[in-house]
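Participant: Build me a structure from this.
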Amino acid sequence: MKLQCDVEVVNRMLPAFGMKSRGKGTRAVLSIGKHLDKASQRSDVYMMICTAKDRAGCKYKLKDNIEKFFTWFVEEGKATVRLKEPAVDVCLSKADAGSLKNFLSAARLADRGSGVPLSTLTPVRARDVEQPKKKLAIVSRRDYPLASSFPCSLEQLQVSYCKLSRVDMRMLSLKALRKLDLSNNHIRKLPATIGDLGCLSELVLHNNRLEAFGAALCLSTLQRTLRLLDLSQNRLRSLPAQFCLLKELVGLKLDDNELAGLPFHVGRLSKLRFLSAAHNQLAVLPNGFRRLSLENLDLFGNPFVQPNPLDHKMRLTFPLPLQELCSRAVADLRIPYGPHLIPAHLCRELDAAKTCDCGRVCVGFFVKTAVSMNLHRVSHTVVLVDDTGGTDAPVRQHFCSLSCYSEFLDNALQRGIR
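Facilitator: Predicted structure coming up:
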């Protein structure tokens, strides 16, 4: 029975001499097995702790020698075994929870003298006591592991230039993974199980063949963890409305895709500071774009239209339908709603509700136009929009009534906008 973890052996007599333990564990391999006591010439069950500096190991007798187990945090890979003689506490941490439970069970049986088939204790190999690997970079197809698995301790993994057509499911079992870089491959589709990586804060998918970013990913734990997302140089034509649920995003790269528009509620990404969506097919920005507060913005090379406030599309009826009036009331009064209360299609319409200049909400009936906005209003640094040196871009605007639209036109004409 063996266990890899961090170990600190604390002598309980130290406080009596005014001394403290160093409070830091050392990577070690713990083994439970038989050992021949040369003094008594009897074989008994011992626990052996081997480290990189002491591969021969330090041995502690287990039978009738365990005073207490401390297992409050065993699910976090932590536990303590208190021995009677010598008076030490063996503090275990950074262990696999399942392996730790099995090890403690074996130690408990050994303490009771229960008959458990065990092998003779032997020194460990040097590689067994190495620090767990945190980073791994694979940048050629010949180095890609086919037979072996990825180290479960990885926090950063880069797999580039390996011609991967899909995400290897072995990567999705790396629960400690914080950064996953799969750039420069041939990936066409992302599995929804990427959202099960509960620590993932950086996802780099630059230069692949992605055609979609699934809504399921936006509804996963990535909402709470993802801070950097690089989807540049792919084949994306749109992003789901749920994309704006990734509210922890700080950096977003969408360059060199085929995006015809950004999500309507992109302004809800309140922590977003770096946005690049150069060389796409953006003709106009969504109204929610005004709410962003960025440090750097790059929208170069998009076919933005020249906005004209007089050029509008009207979708209004007189009087407004009852459904529209009710939807507006729900949105204006912030009444909770959901598919358990109203039909799903009404939920989707409410999720895409627009805000008029007057502050009221319109859902399915409105006047729509586009106005020019200087991008410095939303970003400290702006890359030029085109070769002429401009930093203005068209932004979609909605009005809940003709009176609001007329008032907007009057103000625009007074400012000299034609």
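Participant: which residues touch Ala278?
Facilitator: By C-beta atoms under 8 Å, 6 or more residues apart in numbering, the contact set of Ala278 is Asp255, Asp256, Asp298, Leu299, Phe300, Gly301, Asn302, Val383. Quick note: C-beta positions are derived from backbone N, CA and C, even for glycine.
Participant: where's the fifth one relative to Val284, distance?
Facilitator: Read that as Phe300. Distance, Phe300 to Val284, using C-beta to C-beta, to the nearest Å: 16 Å.
Participant: More neighbours: which of these two?
Facilitator: Val284 (21 against 16; other C-beta atoms under 10 Å).
Participant: Write down the beta-bridge partners of the residue lying closest to the more buried one once chain neighbours are set aside, one by one.
Facilitator: Distances taken as C-beta to C-beta, 6 or more residues apart in numbering put Pro394 closest to Val284, at 4.5 Å, once the chain neighbours are dropped. Assessed by DSSP bridges, Pro394 has beta-bridge partners Ser372.
Participant: what about the residue lying closest to Lys354 once chain neighbours are set aside, is that helix, strand or coil?
Facilitator: Distances taken as C-beta to C-beta, 6+ apart put His398 closest to Lys354, at 3.8 Å, once the chain neighbours are dropped. Following DSSP: H, G, I helix; E, B strand; the rest coil, His398 is assigned to strand.
Participant: I'd guessed His398 sits against Phe365; true?
Facilitator: No. Using C-beta atoms under 8 Å as the test, His398 is too far from Phe365 to be in contact (10.1 Å).
Participant: quick one: terminal-to-terminal distance for stretch 217-234?
Facilitator: Counting by C-alpha to C-alpha, to the nearest Å, you get 17 Å between the two ends of stretch 217-234.
Participant: I'd like the average pLDDT over stretch 249-264.
Facilitator: Computed over stretch 249-264, the mean pLDDT rounds to 95.
Participant: Repeat that for stretch 277-291.
Facilitator: Rounded mean pLDDT across stretch 277-291 is 93.
Participant: Strands along the stretch 201-350 of the chain, start to end?
Facilitator: Shown for the stretch 201-350 of the chain, the strands assigned by DSSP state E, counting those that start in this stretch span residues 202-204, 228-230, 251-253, 274-276, 294-298, 313-315.
Participant: Tabulate those strands in TSV, adding columns for mean neighbour count.
Facilitator: What follows is the strands of the stretch 201-350 of the chain, written out as TSV (neighbours: other C-beta atoms under 10 Å):
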stretch	mean neighbour count
strand 202-204	20
strand 228-230	20
strand 251-253	21
strand 274-276	20
strand 294-298	18
strand 313-315	11
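Participant: In JSON lines: the ones you listed, plus distance to Glu85.
Facilitator: Converted to JSON lines, the strands of the stretch 201-350 of the chain look like this (distance: least, C-beta to C-beta, whole Å):
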{"stretch": "strand 202-204", "distance to Glu85": "50"}
{"stretch": "strand 228-230", "distance to Glu85": "53"}
{"stretch": "strand 251-253", "distance to Glu85": "57"}
{"stretch": "strand 274-276", "distance to Glu85": "60"}
{"stretch": "strand 294-298", "distance to Glu85": "62"}
{"stretch": "strand 313-315", "distance to Glu85": "85"}
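Participant: Nearest to Glu155, out of these?
Facilitator: Checking these against Glu155 by C-beta to C-beta gives strand 202-204 as the closest, at 10.5 Å.
Participant: The closest one pairs with which strands, parallel or anti?
Facilitator: Here, using DSSP bridges, strand 202-204 pairs with strand 179-181 (parallel), strand 228-230 (parallel).
Participant: Next, format those strands as TSV and append mean pLDDT and distance to Gly261.
Facilitator: Below are the strands paired with strand 202-204 laid out as TSV (pLDDT from 0 to 100; distance: least, C-beta to C-beta, whole Å):
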stretch	mean pLDDT	distance to Gly261
strand 179-181	96	27
strand 228-230	97	18
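Participant: Same question for stretch 71-90: list its buried residues.
Facilitator: Neighbour counts using 16 or more other C-beta atoms under 10 Å place Val74, Gly77, Lys78, Ala79, Thr80, Val81, Arg82, Leu83, Val88, Asp89, Val90 of stretch 71-90 among the buried residues.
Participant: residues in contact with the residue nearest to Lys354?
Facilitator: Taking C-beta under 8 Å, 6+ apart, one finds Asn287, Lys354, Thr355, Cys356, Cys362, Phe366, Val367, Lys368 in contact with His398.
Participant: sorry, back to before: quick check: which of the strands of the stretch 201-350 of the chain is nearest to Cys404?
Facilitator: Here strand 313-315 is closest among these (C-beta to C-beta), at 12.2 Å.
Participant: Against which helices or strands is that closest one packed?
Facilitator: Strand 313-315 is packed against strand 366-374, with contacts defined by 3 or more C-beta pairs under 8 Å, 6 or more residues apart in numbering; DSSP states H and E.
Participant: Now the strand it packs on - C-alpha only, CSV.
Facilitator: Below are the C-alpha coordinates for strand 366-374, written out as CSV (Å, rounded to 0.1, in the frame of the first residue of the first chain):
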residue,chain,number,x,y,z
PHE,A,366,-39.7,49.2,-31.3
VAL,A,367,-38.0,51.6,-33.7
LYS,A,368,-34.5,50.6,-34.6
THR,A,369,-31.7,52.7,-36.1
ALA,A,370,-27.9,53.1,-35.8
VAL,A,371,-25.8,56.0,-34.5
SER,A,372,-22.1,56.8,-34.6
MET,A,373,-20.2,56.4,-31.3
ASN,A,374,-16.6,57.3,-30.6
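Participant: what does that strand rub up against?
Facilitator: Contact partners of strand 366-374, identified using C-beta under 8 Å, 6+ apart, comprise 284-285, 289-290, 305, 307-316, 354, 356, 391-402, 404-405, 412.
Participant: quick one, longest helix in the chain?
Facilitator: As assigned by DSSP state H, the longest helix anywhere in the chain is helix 97-112.
Participant: Now the element after it, going C-ward?
Facilitator: Following helix 97-112 in sequence order, the next helix or strand is strand 135-138 (DSSP states H and E).
Participant: Pull out the buried residues from that next one.
Facilitator: Buried, per 16+ other C-beta under 10 Å, within strand 135-138: Leu136, Ile138.
Participant: That's all I had, so thanks and see you.
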